[in-house]
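Undergrad: Take a look and give me a structure for this.
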Amino acid sequence: QLVESGGGLVQAGDSLRLSCAPSGRTFSGYTMGWFRQAPGKEREFVAAISWSGGSTYYANSVKGRFTTSRDNAKNTVYLQMNSLKPGDTAVYYCAADLLPSSSWDTTPYRYLEVWGQGTLVTVSS
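TA: Here you go, the predicted model:
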């Protein structure tokens, strides 16, 4: 029910912006966010943003480099990724849930309500 776009192959130090939009419904009042899963690793929290956009929360590994935002008029959430590193290589997933953004990093990802299919980001050195 969520569709991500914007992934691709970039070089270290480059920027990339991911987008996520619902398909078929509007997630009014929902927190939305991003997780990623690198090959052979568990899915990990990246960022989350409240419905109003007034509250954002980031994993320490991306803080200061990634920014999430949303445009509720367009029903779209974004993840701006700057200063990309090879360690950022992963499939990035968009998710939506009613949990507050501050809870997303400690909530097992399986408990979140809605997921996208993921978009691959590859950062070469």
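Undergrad: Let me see the contact set for the residue nearest the centre of the chain.
TA: Per Cα atoms, centre = their mean, the C-alpha nearest to the average position across the chain is that of residue 34, at 2.1 Å. Contact partners of residue 34, counting by Cβ atoms under 8 Å, 6 or more residues apart in numbering, are 18, 20, 46, 47, 48, 68, 79, 92, 93, 94, 95. For every residue, glycine as well, the C-beta is placed using N, CA and C.
Undergrad: measure the nearest residue to residue 98 once chain neighbours are set aside to residue 91 for me?
TA: Using Cβ to Cβ, 6 or more residues apart in numbering and skipping the chain neighbours, the partner closest in space to residue 98 is residue 30 (6.0 Å). Taken as Cβ to Cβ, to the nearest Å, the spacing of residue 30 relative to residue 91 amounts to 22 Å.
Undergrad: From what I see, residue 19 and residue 5 are in contact.
TA: Yes: A contact is recorded between residue 19 and residue 5 when judged using Cβ atoms under 8 Å, the distance being 5.1 Å.
Undergrad: Please say which of those two ends up with more neighbours.
TA: The residue with more neighbours, out of residue 19 and residue 5 and counting by other Cβ atoms under 10 Å, is residue 19; that gives 17 against 14.
Undergrad: Show me the beta-bridge partners of the more buried one.
TA: residue 5, residue 78 (DSSP bridges).
Undergrad: Just the pLDDT at it, thanks.
TA: As summarised for this prediction, residue 19 has a pLDDT of 98.
Undergrad: just to revisit the earlier point, export the contacts of residue 34 to TSV and tack on distance to residue 123, secondary structure and neighbour count?
TA: Written out in TSV, the entries for the contacts of residue 34 read as follows (distance: Cβ to Cβ, whole Å; DSSP: H, G, I helix; E, B strand; the rest coil; neighbours: other Cβ atoms under 10 Å):
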residue	distance to residue 123	secondary structure	neighbour count
18	13	strand	24
20	20	strand	26
46	14	strand	27
47	17	strand	26
48	22	strand	29
68	18	strand	24
79	14	strand	26
92	12	strand	23
93	17	strand	23
94	19	strand	28
95	22	strand	25
